[in-house]
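K.L.:
Provide a 3D model corresponding to the input given below.
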Amino acid sequence: MSAIAATLAATNTLSINIGAVGYGLAAIGPGIGIGLVFGHAIEAMARQPEATGRISLYMWIGFSLTEALALIGLVAPFIFKY
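P.N.:
A predicted model of the protein is given here:
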């Protein structure tokens, strides 16, 4: 009987940790996206310094949209769990 209880306990622990691993993997995409947004913005500013104001505006818009993906990924498991 104790073997069954140990199996059930391991199953519950595993399902909780799978959610954390899933979010960790889902956060890789927005992390790469944010790196690309800032990297390309710096490159664009270096090529055309006179357009720095417009480039930085679009950089922050791109950053906020990319960061929203990470926040949605953080909140979605809580919404669908209950």
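
K.L.:
The protein: helices as residue ranges?
P.N.:
Remark: helices assigned in the chain by DSSP state H are 2-26, 28-47, 52-81.

K.L.:
any idea how far the spatially closest residue to Gly73 that is not a sequence neighbour is from His40?
P.N.:
Nearest residue to Gly73, sequence neighbours excluded (CB to CB, 6 or more residues apart in numbering): Ala26, at 4.3 Å. Placement of C-beta: from N, CA and C, glycine included. Distance, Ala26 to His40, by CB to CB, to the nearest Å: 23 Å.

K.L.:
follow-up on the earlier one: unless I'm mixing things up, the residue nearest to Gly73 is touching Val75, no?
P.N.:
No: using CB atoms under 8 Å, Ala26 is not in contact with Val75; the gap is 11.5 Å.

K.L.:
More neighbours: which of the two?
P.N.:
Ala26 (16 against 10; other CB atoms under 10 Å).

K.L.:
now the protein, which segments are flagged as low pLDDT?
P.N.:
The chain contains residues with pLDDT under 70 at 1-20, 81-82.

K.L.:
go with 90
P.N.:
Within the chain, the ranges that satisfy pLDDT under 90 run 1-31, 69-82.

K.L.:
Quick one: neighbours of Ala41, just the number.
P.N.:
19.

K.L.:
Check which residues of stretch 22-42 are buried.
P.N.:
Judged by neighbour count using 16 or more other CB atoms under 10 Å, the buried positions of stretch 22-42 are 26, 30, 33-34, 37, 41.

K.L.:
For Ala27, give me phi and psi.
P.N.:
phi -80, psi -10 (degrees, to the nearest 10).

K.L.:
scratch that, Gln48
P.N.:
Main-chain dihedrals, Gln48, degrees, to the nearest 10: phi -130, psi 80.

K.L.:
Now it: closest residue in space that isn't a chain neighbour?
P.N.:
Using CB to CB, 6+ apart, the nearest residue to Gln48 is Ile55, at 7.6 Å.

K.L.:
how close does that neighbour sit to Gly73?
P.N.:
Look at Ile55 and Gly73: by CB to CB, they are 27 Å apart.

K.L.:
swap in Ile34?
P.N.:
13 Å.
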